[in-house]
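Q: Need a 3D model of the following:
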Amino acid sequence: MNLKYLLREPIAPPDLHRLLRESWDHAPAGYPLVLSHSLTWVTARDGERLVGFVNLAWDGGSHAFLLDPTVHPSLRRRGIGTELVRHAVEAARASGVAWIHVDYEPQLEPFYARCGFGPTRAGLIRLRVEPEP
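A: Now for the predicted structure:
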C-alpha cells in the first residue's frame, strides 16, 4: 500500500461520492458546495484511488468542526482514519483554530479518544430526517 495524505486536494465529485457510498449506509450529496465553505479537508490516496476523507468545517474564527471521517471498508483498522484526523488537526492548529468539535455515536468513542478528543456535554436539535437512498 502506497498511501499519501493531501490537504485541500481537488476531488472529482464522482470519486468522493463513490467512497462515501461504499463506506456508509447512505452517502451525503452536494459535497462540492460543502467543501467550498470548509477550512480544509484531507484525502488519503492509495496510488490514484481515493480511500479516505475527512472534512474540517469552521465558523471563520476559533471553532472548527470535524465532519465525515471516512475510510474505505476494505482498509479500516490500519490507522488511516487516525492519520486523516491528525492531518486535519495540524491544519487547524496552523490556521489559528482554538477548538475542534466533533459529534459521534457512542460506539465511535474509542476512535475519537485515540485521536485526542475528550467527552463534553453538547446539545442538538434535529431539523430534518435524511431520506433513505
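Q: so Lys4, which of the three states?
A: What DSSP: H, G, I helix; E, B strand; the rest coil gives for Lys4 is strand.
Q: didn't it look like it was pressed against Ala44?
A: Yes - Lys4 lies in contact with Ala44 (CB atoms under 8 Å); the separation is 7.4 Å. All C-beta atoms are positioned from the backbone trio N, CA, C, and that covers glycine.
Q: Quickly find the element holding the spatially most central residue of the chain.
A: By CA atoms, centre = their mean, the chain has its centre lying nearest to Val54, at 2.2 Å. Counting by DSSP states H and E, the element that carries Val54 is strand 49-58.
Q: Mind jotting down where the strands sit in this structure?
A: Applying DSSP state E to the chain gives strands spanning 3-7, 38-46, 49-58, 63-71, 99-101.
Q: What count of nearby residues applies to Arg86?
A: Neighbourhood size, Arg86 [other CB atoms under 10 Å]: 16.
Q: Quick one: residues contacting it.
A: Taking CB atoms under 8 Å, 6 or more residues apart in numbering as the criterion, Arg86 is in contact with Cys115.
Q: Would you mind pulling the contact partners of the lowest-mean-pLDDT helix or strand in the chain?
A: Using mean pLDDT, DSSP states H and E, the weakest-scoring helix or strand in the chain turns out to be helix 31-35, at a mean of 77. Contacts of helix 31-35 from elsewhere in the structure, counted by CB under 8 Å, 6+ apart, are Ile11, Pro13, Leu16, His17, Leu20, Pro28, Trp41, Asn55, Ala57.
Q: Distance from the chain centre to it, please.
A: How far helix 31-35 lies from its chain's middle: 13 Å, per CA atoms, centre = their mean, to the nearest Å.
Q: quick one: low-confidence ranges for this structure?
A: For the chain, applying pLDDT under 70 flags the ranges 27-29, 130-133.
Q: Report the contact partners of the residue nearest to Leu66 when sequence neighbours are not counted.
A: Among residues not flanking Leu66 along the chain, Val102 sits closest, at 4.2 Å (CB to CB, 6 or more residues apart in numbering). Contacts of Val102 were listed using CB under 8 Å, 6+ apart, and they are Phe65, Leu66, Tyr112, Phe117.
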